[in-house]
Structures are given as structure tokens and as C-alpha cells.
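Participant: let's see this in three dimensions:
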Amino acid sequence: MTAARDLFLVANSTDELGGVTAWTHQMARLFTSAGHRVHVIGVHESDLKMPVPQAPGYPVTSLYERHPPTPDPPRGARRLSVPARRRESRRIAAKKRAVAALESILGPARPGSVVVVTQVWPMEWLREMDTSHLTVIGMSHESFAYSRACHRYRWIKRHYPHVDRWLALTQEDADIWTAEGLNNVDFMPNALAHLPAVPSPRTEKTVCSIGRLADQKGVDMLLDTWAKVAPFRADWQLHMYGAGADETQLRRQCTELGLDTSVRWLGRTDDVPGALANSSVFVQSSRGEGFPLALMEAMASAVPCAAFDCAPGVREIVRDGEDGLLAPLGDLDALADRLLRLTGNPRLRDTMGERARANVQRFSEERILELWEELFALLER
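Facilitator: Have a look, this model is predicted:
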């Protein structure tokens, strides 16, 4: 029997469409079911929302109603225009109010309470308050390579040396961050959210993609890849589930490639298991990932996957050649080859699909919850 704790999950947003939001509410539900007192906190409410539980069984708080403004460039107050100085003054005042709201939640927390910062950005607010009575765990839900290529690398180097433990998603990335000079790094895989009672029969001639229509997800590369596949698979369709800012230009690209008859744009879905049950192959074309939940859900449905090997989390989940097929990142010909192999060989689909369903259960919610409890106990010593 584990000790009940106050657990605070602090994210960029509590309702933004994407995998981190899904993970946050999945873990809040798991921790609550284990007897912990959970509070989910987001920096801001999101414009592009995903469905979240209407009555989740734990409090959910946003510090801002919308994305807070970014600071003006640090050029010195005397060089800023009067409107810019006023904007900056309003931003600072709003941030003080947000820090006070966060402190009103975390300040009264019981001894042994844990704050899990699911993305590094909220540390900008957390570090402005006293957290000496709390255990703080930082996380990154993307690969080292993807963080290294953007501003989040600097944020991690600035903020995460100060937390009690910070978690990458794989041992491979944890080792890289340790080599970068951080001595408090560990890793924690994501948990498989759902194991359907009945796997996909893999009888529909459908390839499924699930993800935001944004640059990171590489949907533009997927369309270029499908243009190489479609002439050889005239009776197959690519079903695109997702929404995002790039939808208009992606649909235009689809038309320009002559794919309108073989690509269906199905929007966001609240029924991922249902989408996968009607699919025979899953494809992931991301430029960068962490430990992708959609990939695990496809495998749990016994749908074999073709994916770019874009992150350690992808090759941790998919055992290439055993339960799925990986292609080098950005190699459209290689990804097309993997899709042609899976769509053209029912026996290969069935064999890899059944292996995928069996293998992915090593990331069961029960097992991942055990790992979290072990970590909490370790940090309390």
C-alpha cells in the first residue's frame, strides 16, 4: 500500500490538443485511482482544445485565461517605446498575479507533496516562489534532439538543474542529458492508455494517421510519401485524423499532388480506438517525437506501424522488423517502401500486428504507475 500524497501536475495548458494534455489527464486519473490527491494546473487555457473529462475527479486550474504575452526584447526600459513599456508593465503585473495564484495552491501543500512539471516552460513561474517544502520533478515530453534544435534546450539547462529529479522519456536521452552536465537525470516512459478488448481485424484497406496538423508531425512529408504509394495501391485510402493551423496548406498540397480521391480528412477524433479498429496500417511521419501515445495505441489495437525513426522513444516502442517498420527520418522513399510492404502483404500485417499488441503491453498503466511510486519513495528518503 503506497502512501497518499498531494500531487500537482503543472503543464503549459490543461486543455490543449496534443499528447502532453492526454498524458497529463491520464496520469492524473491513474494517480487519483491510487489514492493520491491530485491537482492539475496549466499556465493558460488553449485556443485549440482537446476533449478533457467534464468531471475529472480532481481540481483543474489555469493561471491565465489565454496565452500570456512574451517579454519585450531586453533592450533597456529607456529604449522601449511608451506603448512597449506599458505592455511590459501589464505583463509583469499579470505574471505576479499568476505566481500568487500558483503559490496559493502549492503553499499549503502537506509534507511529502510532489510537483511534476510536465513541460519546462511552467518553471518560469514556479521558480519565482518558495518550493523548499516540495519535491519538484521536471519532465520533457520530446527527444533530446528536438529540444536541442529549439529554445527549450536553453530553458532545460537554465531551470532543470534546480529540480530534485528531471525525467527524460528514455534511457538513451537521459544518458545524453547527463553528458550535457546535468546530474539529476532519470527517465520515465509514457503509459499505454488503452488496450482494446478486441484488436483490429486488419481487413479494411485503410492506412491511418493521427496527430496535429502541424510542422512537427510531418504531415507534409506523409503526403509526399503517399504520392509515391498511391499509384501502386489504388484500392487503399489514407485516413487523416487531426486538426491544426496547417490544415489549409496541407489540403492544398494534397490537391496539388492529385491525392484527393485517396486521402480522407476526418478531423480530430474522440474515438481513437474506433479509428484504429477500422485501420490495417498506422503511419507516423513526425519530424520529432517524445514517447508517442498514438503509436502505442495503434500497436495495442494490433495495427502494425510504419514510422520515421525520429526519436529514441519511437525505437523504444517499435522493435524494427519485429512488430513494425522504421524508416530513416526524412527518407520519403524508405517510408513509402515500408508502407508498400505492409499494405501489400496481409501475412506480414497480421504477424507484426499481433506481435505489436503483445509487445506494447510492457508499458501498461499498472507497470508505469509502479515506476512512479518507486520514484516518489526514492525521492522521499
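
Participant: where along the protein do the helices fall?
Facilitator: 19-33, 82-106, 123-126, 144-148, 152-159, 171-179, 219-229, 247-256, 272-277, 293-300, 312-317, 332-344, 346-359, 365-380 (DSSP state H).

Participant: domains for the protein, by residue range?
Facilitator: Per automatic domain parsing, the structural domains of the chain span 6-191+364-380, 206-362.

Participant: need the winner for burial among these.
Facilitator: Most buried of the domains of the chain, by mean neighbour count (mean count of other Cβ atoms under 10 Å): domain 206-362, with a mean of 20. Using the backbone N, CA and C atoms, a C-beta is placed for each residue, glycine as well.

Participant: residue ranges with poor pLDDT in the stretch 1-150 of the chain?
Facilitator: 1, 48, 50, 53, 72-79 (pLDDT under 70).

Participant: repeat that with 90
Facilitator: Counting by pLDDT under 90, the ranges of the stretch 1-150 of the chain that qualify are 1-4, 16-19, 46-56, 69-88, 110-112.

Participant: now the stretch 151-300 of the chain
Facilitator: Counting by pLDDT under 90, the ranges of the stretch 151-300 of the chain that qualify are 193-194, 268-270.

Participant: how near is the nearest residue to residue 199 once chain neighbours are set aside to residue 380?
Facilitator: Closest residue to residue 199 apart from its sequence neighbours, by Cβ to Cβ, 6 or more residues apart in numbering: residue 302 at 3.4 Å. For residue 302, the distance to residue 380 equals 40 Å [Cβ to Cβ, to the nearest Å].

Participant: quick revisit: the residue nearest to residue 199 contacts residue 354, doesn't it?
Facilitator: Yes. Using Cβ atoms under 8 Å, residue 302 makes contact with residue 354 at a distance of 5.8 Å.

Participant: so what sits against both of those two?
Facilitator: Common contacts of residue 302 and residue 354 (Cβ atoms under 8 Å, 6 or more residues apart in numbering): residue 199.

Participant: just give the nearest non-adjacent residue to residue 162, would you?
Facilitator: residue 127 (7.0 Å).

Participant: re earlier: export the helices of the chain as CSV, with columns for distance to residue 55.
Facilitator: Listed next are the helices of the chain as CSV, based on distance: least, Cβ to Cβ, whole Å:
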stretch, distance to residue 55
helix 19-33, 12
helix 82-106, 20
helix 123-126, 27
helix 144-148, 35
helix 152-159, 33
helix 171-179, 36
helix 219-229, 34
helix 247-256, 31
helix 272-277, 21
helix 293-300, 23
helix 312-317, 32
helix 332-344, 41
helix 346-359, 32
helix 365-380, 20
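
Participant: identify whichever of the ones you listed lies nearest to residue 204.
Facilitator: Residue 204 sits nearest to helix 272-277 of all the helices of the chain, at 8.9 Å, using Cβ to Cβ.

Participant: figure out how far that closest one is from the centre of its chain.
Facilitator: With Cα atoms, centre = their mean, to the nearest Å as the basis, helix 272-277 stands 19 Å off its chain's centre.

Participant: could you do stretch 227-239 as well?
Facilitator: On Cα atoms, centre = their mean, the centre of stretch 227-239 falls 28 Å from that of its chain.

Participant: cool, and stretch 7-14?
Facilitator: For stretch 7-14, the distance to the chain centre is 13 Å (Cα atoms, centre = their mean).

Participant: cool, stretch 305-313 as well?
Facilitator: 14 Å.

Participant: measure it end to end?
Facilitator: End-to-end distance for stretch 305-313: 14 Å, by Cα to Cα, to the nearest Å.

Participant: same check, this time on stretch 353-371
Facilitator: End-to-end for stretch 353-371, by Cα to Cα: 27 Å.

Participant: what's next to it, contact-wise?
Facilitator: 26, 30-31, 34, 188-193, 195, 199-200, 202, 296, 298-305, 317-319, 322-324.

Participant: again, only this time at 6 Å
Facilitator: With contacts defined as Cβ atoms under 6 Å, 6 or more residues apart in numbering, stretch 353-371 is touched by 30, 189, 191-192, 199, 202, 296, 299-300, 302-304, 322-323.
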